[in-house]
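Enquirer: structural data only, the sequence is not supplied:
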């Protein structure tokens, strides 16, 4: 009883007589965190500093201009990115979520073909994007004859993000406790009603977070577009699925390769825009997760 | 589904729709039909008439800036014609051109036989037009005080495949030079500039030592050479003009004395063997489209000013006359 009269929390207990090793380990963890954050901070400061003179409306109101570096912008890169990534979301999200529902709720995991599919999806998620670029060029652009168009770009990116969307959605669906499903089924709901009215709504935050992170990856891709033939100087906005286009990362690559230093400043400013879009998307993902997360 | 979640889905859908329609809306000002429906008219009348359609151009990143300036200037006369210009490199450009994906291919070397065969297999016919001159410039950093002129043999000694791992210092090239480490920078193997340089200097296209720093971005070569005392690199004249404060261009001796890379020497043909013609390859089927014919007319009619604006070495009078007659022949031949 004497012990209980002086209750001490686990933290306090751990703090007492903590061995040197533990201190060192804590320092190492902190250092790793600081390295990651430090790199991001240095990158941001450097890019904002370099791009500052051009970080204004000229950047997003004007088309790229090789004749007038002063009024040159990346409007076509921004609209191209919106088109391609918007379409990618349109294609990849329904397909990915439905695939995940099948794998989690319907597929018989004792069957070899279902396990093969799962293994393949995990592998596809790790395939480098340039490989998808080759696939897109060979099959979507050439064999299917879609050419270097917005649609080709969106379909290629869809292939790229689909495995990630499927994996994220599966994790979200898996996190819904079995008691919810069992309760619904016990009350007489069919399997489809259970999925549509209980499982999917409960997993929306997880699915949305994973999908946004997958699309954030897609937004920063340049490699597949270089292969697909996204043009570098595009002085018009895409006007349809078969339109030529450029995307922001390709624009940045092109600007950096220019001989005139004015363009390098525009490249830095465009990088800031790209980073801002990425940070915004990631923030929305975090907000969504916190706002709609359910606890059982 | 709870009401909150329903709202969430609604917001997500709305956001997607808005962003897509915004993209469509802002494109509206420039939107045109992809195909020009107008019947072909004679091109001299076409200069005033409003054309539409799309001219796809890709190819050499050396020729790119000139055609991009032309595309932009042409766009001011014909705002409804879209002229996207890509810079996949000479080889990459021909690959797309012979797959029928582009209308005009830019090239910093003549088309190769196997590329011709690929075009023939697809039934794509083309013409070769010389649109500007380039002086491949060999550069060293300003700190390099010992070299002002290199002979072709000395360049070969540095760059030939046999030099790999053996020629490591400037002294290995010429005993008069100091024993400063030789650091080589050059374009990658996909580049027409690489093909041309290896052909002229090493005597075989594509034959080069491999232990140099290759880059598809000429700015990397500028930074690399400027940052190494014993550095040496080569690229098109434009990049040298933009970086004269950091780099020194070497004169080249092909047996008739040292000649500096310059506009005059490239135009009058004394800067040998590194001055080269730059080409565009329009497909003959594309030239039948009025907007492509109009673009070529614009390019040829203003070739001197366009070259000057893009900081290229303009054609001399003789070459310009040939270009004009070539285009005229191409249009009537169609």
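Expert: Thanks, I have it. A quick note: this is a predicted structure, and the numbers were derived from the prediction, not measured.

Enquirer: setting aside sequence neighbours, what's the nearest residue to residue A:104?
Expert: Sequence neighbours aside, residue A:173 is the residue nearest to residue A:104 in space, at 4.4 Å (criterion: Cβ to Cβ, 6 or more residues apart in numbering or on different chains). Heads up, the C-betas are built off the backbone N, CA and C, glycines and all.

Enquirer: report how many residues lie close to the one you found.
Expert: Using other Cβ atoms under 10 Å in any protein chain shown, residue A:173 is surrounded by 21 other residues.

Enquirer: for the host helix or strand of it, name the packing helices and strands.
Expert: Per DSSP states H and E, residue A:173 falls inside helix A:150-174. Secondary-structure packing of helix A:150-174 (3 or more Cβ pairs under 8 Å, 6 or more residues apart in numbering or on different chains; DSSP states H and E): helix A:75-101, helix A:112-124, helix A:129-135, helix A:200-219, helix A:223-228.

Enquirer: could you tell me the least trusted of the ones you listed?
Expert: Per-stretch mean pLDDT for the helices and strands packed on helix A:150-174 is lowest at helix A:223-228 (a mean of 88).

Enquirer: show me the shaky parts of chain B.
Expert: Residue ranges of chain B with pLDDT under 70: B:1-48, B:334.

Enquirer: what's the domain layout of it?
Expert: B:46-133+B:277-333, B:137-273 (automatic domain parsing).

Enquirer: doesn't residue B:242 make contact with residue B:311?
Expert: Yes. With contacts counted by Cβ atoms under 8 Å, residue B:311 reaches residue B:242, the gap being 7.4 Å.

Enquirer: overlap of the contact sets of those two?
Expert: residue A:259 (Cβ atoms under 8 Å, 6 or more residues apart in numbering or on different chains).

Enquirer: so which residues on the stretch 51-200 of chain A come close to chain B?
Expert: A:65-67, A:75, A:79, A:82-83, A:86-87, A:89-90, A:141-142, A:147-148, A:197, A:200 (Cβ under 8 Å from any Cβ of the partner chain).

Enquirer: can you do 7 Å?
Expert: A:65-67, A:79, A:82-83, A:86, A:89-90, A:142, A:147-148, A:197 (Cβ under 7 Å from any Cβ of the partner chain).

Enquirer: narrow these to just the buried residues.
Expert: A:65, A:66, A:67, A:79, A:82, A:83, A:86, A:89, A:147, A:148 (16 or more other Cβ atoms under 10 Å in any protein chain shown).

Enquirer: tell me, how many neighbours does residue 74 end up with?
Expert: Just going to use chain A. Residue A:74, neighbours per other Cβ under 10 Å, totals 30.

Enquirer: wait, chain B
Expert: Neighbours of residue B:74 (other Cβ under 10 Å): 23.

Enquirer: which element, helix or strand, includes it?
Expert: helix B:64-77.

Enquirer: how about residue B:150, secondary structure?
Expert: Going by DSSP: H, G, I helix; E, B strand; the rest coil, the secondary structure assigned to residue B:150 is strand.

Enquirer: wait, doesn't it sit right on residue B:249?
Expert: No. Taking contacts as Cβ atoms under 7 Å, residue B:150 lies outside contact range of residue B:249: 10.9 Å.

Enquirer: give me the common contacts of the two.
Expert: Any residue near both residue B:150 and residue B:249 by Cβ atoms under 7 Å, 6 or more residues apart in numbering or on different chains counts here, and that gives residue B:138.

Enquirer: what's the first-to-last distance across stretch A:167-184?
Expert: Using Cα to Cα, to the nearest Å, the end-to-end distance of stretch A:167-184 comes to 25 Å.

Enquirer: may I see the buried residues of that stretch?
Expert: Those would be A:167, A:168, A:169, A:170, A:171, A:172, A:173, A:176, A:181, A:184, for stretch A:167-184 by 16+ other Cβ under 10 Å.

Enquirer: who's in contact with it?
Expert: Looking at what lies outside stretch A:167-184 - Cβ under 7 Å, 6+ apart - the contacts are A:96-97, A:100-101, A:103-104, A:121, A:125, A:194, A:198-199, A:202-203, A:206-207, A:210-211, A:214, A:296.

Enquirer: show me which of these are buried.
Expert: A:96-97, A:100-101, A:103-104, A:121, A:125, A:194, A:198-199, A:202-203, A:206-207, A:210-211, A:214.

Enquirer: does any part of stretch B:125-132 sit near chain A?
Expert: No. Stretch B:125-132 does not reach chain A (Cβ under 7 Å from any Cβ); its nearest approach is 14.9 Å.

Enquirer: pretty sure residue A:154 sits against residue A:86.
Expert: No. Between residue A:154 and residue A:86 there is no contact under Cβ under 7 Å: 8.1 Å.

Enquirer: my guess is residue A:278 meets residue A:218, correct?
Expert: No. The criterion here is Cβ under 7 Å, and residue A:278 misses it with residue A:218 at 10.8 Å.

Enquirer: more neighbours, the two?
Expert: residue A:218 (23 against 14).

Enquirer: redo the helices and strands packed on helix A:150-174 as CSV? Include distance to residue B:257.
Expert: Converted to CSV, those look like this (distance: least, Cβ to Cβ, whole Å):
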stretch, distance to residue B:257
helix A:75-101, 48
helix A:112-124, 62
helix A:129-135, 48
helix A:200-219, 56
helix A:223-228, 43
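
Enquirer: looking at the ones you listed, which is closest to residue B:323?
Expert: helix A:75-101 (30.3 Å; Cβ to Cβ).

Enquirer: helices or strands up against that closest one?
Expert: Packed against helix A:75-101 by the contact rule (3 or more Cβ pairs under 7 Å, 6 or more residues apart in numbering or on different chains; DSSP states H and E) you find helix A:57-61, helix A:150-174, helix A:200-219, helix A:248-256, helix B:3-27.

Enquirer: out of those helices, which gets nearest to residue A:42?
Expert: Per Cβ to Cβ, nearest to residue A:42 of these: helix A:248-256, 18.3 Å.

Enquirer: OK, contacts around the residue nearest to residue B:208 when sequence neighbours are not counted?
Expert: Nearest non-adjacent residue to residue B:208, counting by Cβ to Cβ, 6+ apart: residue B:198, 4.9 Å away. The contact partners of residue B:198, by Cβ under 7 Å, 6+ apart, come to B:204, B:205, B:206, B:207, B:208.

Enquirer: show me the contacts for residue 275.
Expert: All of this is about chain A. residue A:44.

Enquirer: try chain B instead
Expert: B:133, B:134, B:135, B:266.

Enquirer: out of the residues you listed, the closest to chain A would be?
Expert: Ranked by distance to chain A (Cβ to the nearest Cβ), those are led by residue B:134 at 12.9 Å.

Enquirer: surely that closest one meets residue B:236?
Expert: Yes. The pair formed by residue B:134 and residue B:236 meets the contact definition of Cβ under 7 Å, at 5.1 Å.

Enquirer: overlap of the contact sets of the two?
Expert: What both residue B:134 and residue B:236 touch, as defined by Cβ under 7 Å, 6+ apart, is the set residue B:62.

Enquirer: can you tell me, leaving aside adjacent residues, what's nearest to residue 160?
Expert: All of this refers to chain A. In space, residue A:160 is closest to residue A:132, 4.7 Å off (Cβ to Cβ, 6+ apart).

Enquirer: try again with chain B
Expert: Excluding the flanking residues, the one nearest residue B:160 by Cβ to Cβ, 6+ apart is residue B:202, at 4.8 Å.

Enquirer: quick one: the one you found and residue B:158 touch, right?
Expert: No. If you go by Cβ under 7 Å, residue B:202 and residue B:158 don't touch, sitting 9.9 Å apart.
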